[in-house]
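A.B. asks: Structure, please.
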Amino acid sequence: MTYEEMIEDEAFIEGMQTRIMSDQEMDTMYIPDVEYMNIDGISRILQILVPRKRVMENEKYPLIVYVQGSAWHKQNVYQHVGQLNYLCKQGFVVAIVQYRESDLAPFPAQIEDTKTAIRFLRKHHEENVFLFGDSSGGHVALVSGLTSKLPLFNGNLYSEYSNEVRAIIDFYGVVDITMEDGFPTTENHQQPDSPEGYLIGRKNVLEHLDIARQTSPMTYLDGDIPPILIAHGTKDRLVAFKQSVKLYKALKDKNKEVIFYRMKGADHGGPMFFCEEMLDEVIKFIKKSIAHD
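C.D. replies: As a prediction, this is how the structure comes out:
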């Protein structure tokens, strides 16, 4: 029988508490391990969080594509499911993207896969798409978003759909792998076996500056780019705070729309970034971007 056909049980015993529901209550439907591409037998997946109400009336929610930090190695795509569920319960679809790690494929595979995931999701979604990432995921989100209107790093799948995103949220992302003091505690920094070296094909970064510069978000700041929110801790031991300062200054010099949260005393990630208060700032930023229409 349908919900409407079901007869409500009116039984009541003194002491029971009655709550009247509004049908606007929201929880989350979690759709795990959705394959969005398979290249040469390498499957890449999405974790998708969808807002759910009892009565769904063709609801459409803005989409946040999240890129997990991992030093560009294999990502733990389940790491922030709990924290990102807060965004879902505020009315956003959240899709956590898995890309080919640098152990399997060098740059720009990470960007190509993220854009492919965006196009796959756009097959089933409206136009309001946002990119969010932390650490190396922040880097991937930046480069993917900044080149979203350019014929760069696009891949071939779902080419009839757009890569474009409305805004980018960058939590303590890598900006420039050529910075000598950009990674305070990485002992093998810029060597072929470092995270940055793996990213460009297990090469010495300073001996391959042409490739290294292609990986930098700084290379793609001209033209029509999305608004950017940056958050970075002043005591970040993995990705130096000065990396985000460099990006912020370049964006301001070019009169681009950017917000920078200087997270005083914060290390590389943690509760200061993923608490509800900070995620509320992300929501406010996204809603402002939507309202610009």
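A.B. asks: now what about the helix ranked longest in the chain, what contacts it?
C.D. replies: Of all the segments assigned as helix in the chain under DSSP state H, the longest by residue count is helix 276-291. With contact meaning C-beta atoms under 8 Å, 6 or more residues apart in numbering, helix 276-291 is reached by 62, 64, 83, 86-87, 90, 92, 128, 130, 132, 166-167, 169, 226-227, 229, 231, 259, 261, 272. Where C-beta positions appear, they are placed from N, C-alpha and C, glycine not excepted.
A.B. asks: out of those residues, which are inside helices?
C.D. replies: Using DSSP H, these in helices are 83, 86-87, 272.
A.B. asks: Closest one to Leu46 out of those residues, please.
C.D. replies: When those are ranked by distance to Leu46 (C-beta to C-beta), Leu87 comes first, at 15.3 Å.
A.B. asks: Buried residues of stretch 102-120, list them for me.
C.D. replies: Residues of stretch 102-120 classed as buried: 102, 105-120 (neighbour count, 16 or more other C-beta atoms under 10 Å).
A.B. asks: Give me the contacts around the helix or strand where Ala212 lies.
C.D. replies: Per DSSP states H and E, Ala212 falls inside helix 209-214. With C-beta under 8 Å, 6+ apart as the test, helix 209-214 has contacts from 107-108, 177-178, 196, 200-201, 203, 205-206, 219.
A.B. asks: Could you dump the residues you listed into CSV with secondary structure added?
C.D. replies: Output for those, formatted as CSV (DSSP: H, G, I helix; E, B strand; the rest coil):
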residue, secondary structure
Phe107, coil
Pro108, coil
Ile177, coil
Thr178, coil
Glu196, helix
Ile200, coil
Gly201, coil
Lys203, coil
Val205, helix
Leu206, helix
Thr219, helix
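A.B. asks: same for the longest strand anywhere in the chain, what does it pack against?
C.D. replies: When the chain is parsed with DSSP state E, its longest strand is strand 27-39. When contacts are defined as 3 or more C-beta pairs under 8 Å, 6 or more residues apart in numbering; DSSP states H and E, strand 27-39 sits against strand 42-52, helix 81-88, helix 109-122.
A.B. asks: 7 Å - rerun?
C.D. replies: Counting contacts by 3 or more C-beta pairs under 7 Å, 6 or more residues apart in numbering; DSSP states H and E, strand 27-39 is packed against strand 42-52, helix 109-122.
A.B. asks: buried stuff in the first one?
C.D. replies: For strand 42-52, a neighbour-count test (16+ other C-beta under 10 Å) marks 44-51 as buried.
A.B. asks: From the chain's centroid, how far away is it?
C.D. replies: 13 Å (C-alpha atoms, centre = their mean, to the nearest Å).
A.B. asks: can you list contacts of it?
C.D. replies: For strand 42-52, contacts defined as C-beta atoms under 7 Å, 6 or more residues apart in numbering pick out 26-37, 61, 77-78, 81, 84-85, 88-89, 91, 93-100, 104, 113, 117.
A.B. asks: average model confidence for that strand?
C.D. replies: Mean pLDDT, strand 42-52: 96.
A.B. asks: I'd like the ones in helices among the contacts of helix 276-291 written out as JSON lines, with pLDDT, distance to Lys149 and neighbour count added.
C.D. replies: Shown next, in JSON lines, are the ones in helices among the contacts of helix 276-291 (pLDDT from 0 to 100; distance: C-beta to C-beta, whole Å; neighbours: other C-beta atoms under 10 Å):
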{"residue": "Gln83", "pLDDT": "95", "distance to Lys149": "30", "neighbour count": "15"}
{"residue": "Tyr86", "pLDDT": "97", "distance to Lys149": "30", "neighbour count": "19"}
{"residue": "Leu87", "pLDDT": "97", "distance to Lys149": "25", "neighbour count": "24"}
{"residue": "Met272", "pLDDT": "96", "distance to Lys149": "33", "neighbour count": "16"}
